[in-house]
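Engineer: Give me a 3D structure for the following:
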Amino acid sequence: MTQNSFDVGVVGLGYVGLTLATALADVGLSVLGIERREDVVDLVRAGKPHFSEIGLSRVLEAVVANGAFAVRPSFEPGDTCSAYIITVGTPLGPDSVARVDMIENATGEVAKSMPDGALVILRSTVKIGTARHVVAPILEASRKSFDLAMCPERTLEGSAMKELRHLPQIIGADSARAANRAAELFSRLTAQVLIVSSLETAEIIKLADNTFRDVRFAFANEVARLCDAVGVSAHEVIATGKLGYPRTNIAQPGLVGGPCLEKDPHILRQSASAYGLDLEITGAARLVNERQPQESVGFIASELRRRGVEDTPKCAVLGLAFKGIPETDDLRGAMSVRIIQEIRTAFPRAEINVFDPVVHRRDIEALGLELAIFDDPSNAMAGADAAIIANNHPSFAALSLSSISDALAPHGFMYDFWNHFSDFDASRSLDYFALGNTRRRPQ
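Structural biologist: Predicted structure coming up:
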């Protein structure tokens, strides 16, 4: 039997796992990646990522070519690693309950493959206590010795390859040996590792970080709701209020989604419930952000009907990925999909054109939403009754207002979730509304 020894085994080659595995291989470690999806395995073996991430493609191609990074669908007999990093996804199940089955399955695979004395690192975002009460018992059942650490992923999609080398790495463990081994591994990537007192501390840090961002964005959306009601511009209120004033830094309003912010606050709140706590601010923030698509489409629908479009509007949705800065092609938790679904609810026969500068056509088609896909924003908006900017990709801010107006139907209007044009007098050339700025425009 051939012995295949690696420095690190990374289980799960999604956004988190593939970027981490590639970065570790790039600093000279031998890395084995495990991924059940055969199509992903084939792509990575060819040195190609299965998602868009700045800087990843070039490095991945190099580390696969030089043999530093191998990938297969499962551990093979003889595969051993000094360290194993579990990076599988943790999607929400029914009723927004955090699933643990993927963690259990991945840990079971590690337990079967690992030698005595292996370091096992949990990197996935999980409920508090998962490392201790889910991962550790599965590893212990193997009757092998191991060290266990929780080292949460905190990179930003679109900047992951840079941030893996610059962000401080949190290390949580219950023994100095496990903490020091994890710190030694991650010090190959980043100059600063921060060892905290326990597994649970590290788990909470990741959840608290993302939930804080969700709460901050929710407050901005609350301000937008108020400004819409009063008839003033939220963009003006927020941007002007913090100029030269160091004690306020309110975010601008916008759609809040993606694979972390739509999930992690729910996981934090469920974790707290096990201790008899209800995190009211966390729950309220999610409520505000999750109802944003319904509220905004309610305005768009009423505006269409006010303009005489009652049955079959043509709507153009620009930007499908959950964010545009840094750009990504990730559709997980994308609020643009919710926008489209709400339009279909209001107008079942609506014709919906879409454009995204990054998302591949096949991924849009896989949504199964009966969308007309365009490679140019002007063509997507041609003859549209309403054009909707659903993410903050910089290319949308570069669009010409007059060309948008010329492309739309004579009675058409734009609704911009990201206030790309709120600094300009858009009403001169375009009937323009934005989140937190739905004052009636002259026609």
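
Engineer: and residue 151, what does it touch?
Structural biologist: 85, 121, 122, 123, 169, 170, 171, 172, 182, 186, 202 (Cβ atoms under 8 Å, 6 or more residues apart in numbering). Heads up, the C-betas are built off the backbone N, CA and C, glycines and all.

Engineer: Pairing partners for residue 416 in the sheet, please.
Structural biologist: residue 389, residue 434 (DSSP bridges).

Engineer: shouldn't it be in contact with residue 434?
Structural biologist: Yes. Applying Cβ atoms under 8 Å, one finds residue 416 in contact with residue 434, separated by 4.3 Å.

Engineer: what about the closest residue to residue 262 other than its chain neighbours, neighbour count?
Structural biologist: Distance criterion Cβ to Cβ, 6 or more residues apart in numbering; nearest residue to residue 262, sequence neighbours excluded, is residue 333 at 3.9 Å. Using other Cβ atoms under 10 Å, residue 333 has 19 other residues around it.

Engineer: for this protein, which spans come out with low pLDDT?
Structural biologist: For the chain, applying pLDDT under 70 flags the ranges 1-3, 425-429, 440-443.

Engineer: Inside strands: which ones of the contacts of residue 151?
Structural biologist: Judged by DSSP state E, the subset of the contacts of residue 151 located in strands is 85, 121, 122, 169, 170, 171, 172.

Engineer: between the longest helix along the chain and strand 169-173, what angle do the directions make?
Structural biologist: Looking across the chain with DSSP state H, the single longest helix is helix 199-230. In terms of direction (axes from the mean of the first three to the mean of the last three Cα atoms, to 10 degrees), helix 199-230 departs from strand 169-173 by 130 degrees.

Engineer: Next, the buried residues of the next helix or strand after helix 199-230.
Structural biologist: On the C-terminal side of helix 199-230, the closest following helix or strand by DSSP states H and E is helix 234-241. Buried residues in helix 234-241, counted by 16 or more other Cβ atoms under 10 Å: 234, 235, 237, 238.

Engineer: Verify the stated contact: the residue nearest to residue 262 with residue 264.
Structural biologist: No. Here residue 333 does not reach residue 264: they are 10.6 Å apart, not a contact under Cβ under 8 Å.

Engineer: for the stretch 51-200 of the chain, what spans make up the strands?
Structural biologist: 69-72, 79-86, 118-122, 146-150, 169-173, 193-196 (DSSP state E, counting those that start in this stretch).

Engineer: For the ones you listed, give me TSV that also has mean neighbour count.
Structural biologist: Below are the strands of the stretch 51-200 of the chain laid out as TSV (neighbours: other Cβ atoms under 10 Å):
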stretch	mean neighbour count
strand 69-72	21
strand 79-86	23
strand 118-122	26
strand 146-150	24
strand 169-173	25
strand 193-196	16
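
Engineer: Assign a three-state SS to the residue nearest to residue 262, would you?
Structural biologist: Classification of residue 333 by DSSP: H, G, I helix; E, B strand; the rest coil places it in coil.

Engineer: ok, the nearest residue to residue 204 once chain neighbours are set aside - contacts?
Structural biologist: Counting by Cβ to Cβ, 6+ apart, residue 204 lies nearest to residue 128, which is 5.9 Å off, once chain neighbours are set aside. Counting by Cβ under 8 Å, 6+ apart, residue 128 makes contact with 200, 203, 204, 207, 268, 271, 274.

Engineer: run the last query once more with 7 Å
Structural biologist: Neighbouring residues of residue 128 by Cβ atoms under 7 Å, 6 or more residues apart in numbering: 200, 203, 204, 271.

Engineer: Repeat that for residue 376.
Structural biologist: Residue 376 touches residue 355, counting by Cβ under 7 Å, 6+ apart.

Engineer: again with residue 286
Structural biologist: 214, 265, 266.

Engineer: Dump those residues to TSV, plus distance to residue 156 and neighbour count.
Structural biologist: Output for the contacts of residue 286, formatted as TSV (distance: Cβ to Cβ, whole Å; neighbours: other Cβ atoms under 10 Å):
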residue	distance to residue 156	neighbour count
214	15	24
265	17	28
266	20	22
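
Engineer: and which of the contacts of residue 151 is nearest residue 329?
Structural biologist: The shortest approach to residue 329 among those belongs to residue 123, at 22.1 Å (Cβ to Cβ).

Engineer: so how far is residue 174 from the residue nearest to residue 54 when sequence neighbours are not counted?
Structural biologist: Excluding its sequence neighbours, the residue lying closest to residue 54 (Cβ to Cβ, 6+ apart) is residue 158, at 5.7 Å. Going from residue 158 to residue 174 by Cβ to Cβ, to the nearest Å gives 34 Å.

Engineer: same check, this time on residue 206
Structural biologist: Distance, residue 206 to residue 174, using Cβ to Cβ: 18 Å.
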